[in-house]
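>>> structure here, sequence nowhere to be found:
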């Protein structure tokens with residue numbers, strides 16, 4: 001599985017510019033790329049109470065339709081997020097788009113400072129099978145809670161893809177958290193973070209990929225960059241050969257498990 005991590009800046013509320021940058025990055029992805037990844041809420045940027053009603057979009061809105069078309073044209077998967085509108089509610093949402101359309105959408109379940117009251121938390125974790133690999137999604141603050149990645153592992157995830165909007169001085173937190181989530185679940189984890197300045201913060205970069213042994217395969221600096229990492233998915237079996245944390249766990253997550261006809265697996269938070 002070949003990932004292309006696009007560590008980039010964004011413009012909060014400038015949907016047109018953000019979308020143009022995303023489409024250009026997809027069009028320019030490396031040959032043979034399976035998945036192109038972007039930072040948290042890259043389509044809309046982070047919104048506030050003054051502009052969220054105007055700029056938030058539904059999952060089937062024009063931006064997502066344009067990205068679906070770009071994914072189809074390049075035959076790649078795309079991990080990209082936005083502030084989603086559904087009815088009168090708003091969510092911080094990350095989607096996994098394949099050449100066939102939106103295969104999976106995940107609403108951030110752990111809301112960071114400033115998000116409660118602006119967006120609603122999601123109510124479930126989900127995975128989907130694509131190109132022989134079961135994939136799960138997380139967003140930023142989610143990775144600071146072990147249960148988030150454990151839920152995806154319980155749903156069979158082999159690869160956890162994380163969109164991040166982590167800022168200084170907290171870079172070290174996600175440096176550690178991504179590796180911990182990969183090692184304790186014996187899965188691959190890839191995180192793409194934003195760079196540049198926002199509304200009073202400086203985003204930390206440090207996008208990274210970690211293997212099922214907790215070994216770091218790549219880590220970016222604090223500037224915009226693109227990097228391709230090829231994952232050897234056969235590394236999962238050796239990581240679990242001597243001990244398998246999932247099989248030997250004595251405390252299990254509560255929640256309702258289900259498998260959908262399209263292959264998605266879900267754990268509904270009680």
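Arrived safely, thanks for sending. All figures in this text were calculated on a predicted structure; none of them were measured in a lab.
>>> alpha carbons only for contacts and neighbour counts from here, please
Noted.
>>> ok but residue 102 is inside a strand, no?
Yes: assigned with DSSP: H, G, I helix; E, B strand; the rest coil, residue 102 falls within a strand.
>>> and the pLDDT at it?
As predicted, residue 102 sits at a pLDDT of 97.
>>> so what's residue 227 up against?
Residues near residue 227 by Cα atoms under 8 Å, 6 or more residues apart in numbering: 4-6.
>>> helices of the stretch 1-150 of the chain, start to end?
15-27, 52-55, 62-74, 146-154 (DSSP state H, counting those that start in this stretch).
>>> from the chain's centre, how far out does stretch 108-121 sit?
From the chain centre to the centre of stretch 108-121 is a distance of 16 Å (Cα atoms, centre = their mean, to the nearest Å).
>>> what's it in contact with?
Stretch 108-121 has contacts (Cα under 8 Å, 6+ apart) with 48-49, 89-94, 107, 122-124, 138-139, 141-142.
>>> what of stretch 44-62?
Stretch 44-62 has contacts (Cα under 8 Å, 6+ apart) with 10-15, 18, 63, 82-86, 90, 118.
>>> of all the residues in the helix-or-strand element of the chain with minimal mean pLDDT, which ones are buried?
Across the helices and strands of the chain, mean pLDDT, DSSP states H and E gives its lowest value to helix 245-248, namely a mean of 92. Using 16 or more other Cα atoms under 10 Å as the test for burial, helix 245-248 gives 245-246.
>>> right, and the helix or strand after it?
Per DSSP states H and E, the first helix or strand lying C-terminal to helix 245-248 is strand 256-259.
>>> just to revisit the earlier point, filter the contacts of residue 227 down to the buried ones, ChimeraX style.
Burial among the contacts of residue 227 is assessed by 16+ other Cα under 10 Å; the matching ChimeraX selection reads:
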select :4,5,6
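>>> can you tell me which of the contacts of residue 227 are in strands?
The strands, defined by DSSP state E, take in 4-6 from the contacts of residue 227.
>>> dump the residues you listed into a markdown table; add distance to residue 74 and pLDDT as well.
Formatted as a markdown table, the ones in strands among the contacts of residue 227 follow (distance: Cα to Cα, whole Å; pLDDT from 0 to 100):
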| residue | distance to residue 74 | pLDDT |
| --- | --- | --- |
| 4 | 13 | 98 |
| 5 | 16 | 98 |
| 6 | 16 | 98 |
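>>> need those in TSV (columns: distance to residue 252).
Below are the ones in strands among the contacts of residue 227 laid out as TSV (distance: Cα to Cα, whole Å):
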residue	distance to residue 252
4	34
5	32
6	35
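>>> how far does the helix or strand residue 161 falls within sit from its chain's centre?
Here residue 161 sits within strand 159-164, counting by DSSP H and E. Computed by Cα atoms, centre = their mean, the chain-centroid distance of strand 159-164 equals 4 Å.
>>> and for stretch 126-145?
Worked out by Cα atoms, centre = their mean, stretch 126-145 lies 7 Å from the chain centre.
>>> end to end on that stretch, go ahead and measure it.
Taking Cα to Cα, to the nearest Å, stretch 126-145 runs 16 Å from one end to the other.
>>> touching it from outside, list them.
Stretch 126-145 is contacted from outside by 40, 94-96, 103-104, 106, 108-112, 125, 148-149, 152, 155-166, 173-174, 177-178, 181, 263-267, using Cα under 8 Å, 6+ apart.
>>> let's see it at 6 Å
Contact with stretch 126-145 is made by 108, 110, 152, 157-164, 177, 264-266, as judged by Cα atoms under 6 Å, 6 or more residues apart in numbering.
>>> tell me the secondary structure for residue 222?
Relying on three-state DSSP, one would call residue 222 coil.
>>> what segments of the stretch 51-200 of the chain are strands?
For the stretch 51-200 of the chain, the strands defined by DSSP state E, counting those that start in this stretch cover 77-86, 89-98, 101-107, 124-130, 133-139, 159-164, 188-193, 195-197.
>>> go through the longest helix seen in the chain and flag the buried ones.
Longest helix in the chain by number of residues (criterion: DSSP state H): helix 171-185. For helix 171-185, a neighbour-count test (16+ other Cα under 10 Å) marks 171, 174-175, 177-185 as buried.
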